[in-house]
Each structure stands twice: as C-alpha cells, then as structure tokens.
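Q: Give me the fold of what follows.
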Amino acid sequence: IKTPLDSIVGFSSKLGEMYDRGETKEFASIIKNSSDLLLKLVDDTICVSLLQTEQTPFVLENIEINRFCKEILQGVESHLTPGVVLNFRSSTDRFILQTDAARLKQVLDILLTNAAKFTKKGEISLIYLVSQEKEVVQFIVEDTGPGIPKDIQDRIFDSVDNVDVSAQGVGLGLAICKIVANRLDGTISLDTVYEEGTRIIFTHPIRNNNNNY
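A: The predicted model follows:
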C-alpha cells in the first residue's frame, strides 16, 4: 500500500513545482495534501496494528526527562502558528526515568503536534510532575485551542471514532498514545474539567530499579 502512495506523494509534489500558477497548481496541491494525509493514516494504521499485536518490543532505558522534554519541544517549534508561545514546566530540575525513549517521544510528539495544529493563539505547555509517593510521573500537555467537543470526549482515544481525515484532525494519533501508555503500564486521559482549551495527562510509572539524582 505504501509503495504506490509514496509515488503519488512524490510526483504530485513535482507537479506542484512544474506548474506555478492557476488551477493546475491548485489541483496538484490538493492531490499532494490528500496523499500526505492518506499516507499518514496508513502509517498510523500499521503502527496501531503492530502495537496491538505486541510485535513491537519495548526497550527500557534510563533517560533524563528534563533534557528529553526540551529536545522534543525544539522539534515542535516549527509547527507553531506565529505568536503562539511554547512553555515548559517541571516539578524538579533533574529526574531519571526508566522508559522506552522512542515510545515516550512518540506520545509527546503526537500530543504537542496536535496542540500546535489546533492552537491559533495563546500558548501550549508541556509539564511534568514527579510524585514519589504515588510512584508516577505525569506528563501534561495543555493548550488554549478550541478544546474537544463534549459529545466526542469519551471517544477521542478510540482507534475508529477518532479518524477525521477530511478535517485534518488528530487521526489515529491518540489511539496510538493510549496503546503505548497501556504497554508502559501507564494511563492517558483527557481532563474534562479544563475549560481553557485542551489538557491531556499521560501518567507513567516510576519503576523500582530507577536511579534518581
């Protein structure tokens, strides 16, 4: 499936470069944008399938999450609407977390990219809070966007109801986040009380052999 899609994406991009005016350029742009969305949906579908069947192994390692989060935020900056502020807050200056770094990055990338897509003014915040008492780290992504409609709030992590390609919505991203959270023995949820936009909370366990300093 991906091989012909890659060709469509590549050649529609070339067509857009060849025709720089009029309807032809507009049509080429529509083909490319639609192909990009379809390719992302295919990629996400494959990812969901592999994660659900546990064919993708999780490799745990110790990472310093303060630096880890800052590096992820740098990658999100290019997706921001001009004027939107990107914030980072943490409950400690340094903390070592045992996790699968690639999967944690995947979750935070999805949450922050979604926030950037829908937030046209105001701010986006990435926050992490360490609770030694509860033995968890909470990663919180907040934005001042339009928020998620109440009639779909209970379904946003569902892999079927969450697809909205025509509106360039969040697709399967949140479904991937839920699967990853479960595989890491954590949870992910929408704060339905938050009214300034959207707030999503990913709770990650602190493992017993973690070395913190």
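
Q: For the biggest helix by length in the chain, buried residues please.
A: Looking across the chain with DSSP state H, the single longest helix is helix 22-52. By neighbour count on 16 or more other C-beta atoms under 10 Å, the buried set for helix 22-52 is Ala28, Ile31, Lys32, Ser35, Asp36, Leu39, Lys40, Asp44, Thr45, Cys47, Val48, Leu51. C-beta here means a position set from N, CA and C on the backbone, and glycine is covered the same way.

Q: That one packs against which elements?
A: Contacts defined by 3 or more C-beta pairs under 8 Å, 6 or more residues apart in numbering; DSSP states H and E place helix 22-52 against helix 2-18, helix 173-183.

Q: Dump these to a markdown table, plus distance to Asp100, mean pLDDT and mean neighbour count.
A: As requested, the helices and strands packed on helix 22-52 are exported to a markdown table (distance: least, C-beta to C-beta, whole Å; pLDDT from 0 to 100; neighbours: other C-beta atoms under 10 Å):
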| stretch | distance to Asp100 | mean pLDDT | mean neighbour count |
| --- | --- | --- | --- |
| helix 2-18 | 24 | 76 | 13 |
| helix 173-183 | 8 | 91 | 22 |
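
Q: Which of the ones you listed sits closest to Ile148?
A: Closest approach to Ile148 among the helices and strands packed on helix 22-52 (C-beta to C-beta): helix 173-183, 9.8 Å.

Q: who are the neighbours of the closest one, in terms of helices and strands?
A: helix 22-52, helix 101-118, strand 187-190, strand 198-205.

Q: The third one - which strands sit beside it in the sheet, and in what orientation?
A: Under the criterion DSSP bridges, strand 187-190 sits next to strand 198-205 (antiparallel) in its sheet.

Q: hang on, the earlier thing: quick one: whatever helix or strand comes next after the longest helix of the chain to chain centroid distance?
A: Tracing the chain C-terminally past helix 22-52 and defining elements by DSSP states H and E, one meets strand 61-64 next. Centroid separation for strand 61-64 versus its chain: 20 Å, with C-alpha atoms, centre = their mean, to the nearest Å.

Q: cool, and stretch 118-136?
A: Using C-alpha atoms, centre = their mean, the offset of stretch 118-136 from its chain centre is 14 Å.

Q: Output that stretch as PDB, nothing but the C-alphas.
A: Below are the C-alpha coordinates for stretch 118-136, written out as PDB (Å, rounded to 0.1, in the frame of the first residue of the first chain):
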ATOM      1  CA  PHE A 118      -5.400  23.400  16.600                       C
ATOM      2  CA  THR A 119      -4.000  26.300  18.700                       C
ATOM      3  CA  LYS A 120      -4.000  29.500  16.700                       C
ATOM      4  CA  LYS A 121      -3.300  31.900  19.500                       C
ATOM      5  CA  GLY A 122      -2.300  31.800  23.100                       C
ATOM      6  CA  GLU A 123       0.100  29.100  24.400                       C
ATOM      7  CA  ILE A 124       0.900  25.400  24.600                       C
ATOM      8  CA  SER A 125       2.500  23.900  27.700                       C
ATOM      9  CA  LEU A 126       4.400  20.700  28.400                       C
ATOM     10  CA  ILE A 127       4.500  20.000  32.100                       C
ATOM     11  CA  TYR A 128       5.800  17.000  34.100                       C
ATOM     12  CA  LEU A 129       5.200  16.300  37.700                       C
ATOM     13  CA  VAL A 130       7.000  13.700  39.800                       C
ATOM     14  CA  SER A 131       5.100  12.000  42.600                       C
ATOM     15  CA  GLN A 132       7.400   9.700  44.600                       C
ATOM     16  CA  GLU A 133       4.500   8.900  46.900                       C
ATOM     17  CA  LYS A 134       2.300   7.600  44.100                       C
ATOM     18  CA  GLU A 135       5.400   6.300  42.200                       C
ATOM     19  CA  VAL A 136       4.400   8.100  38.900                       C
END
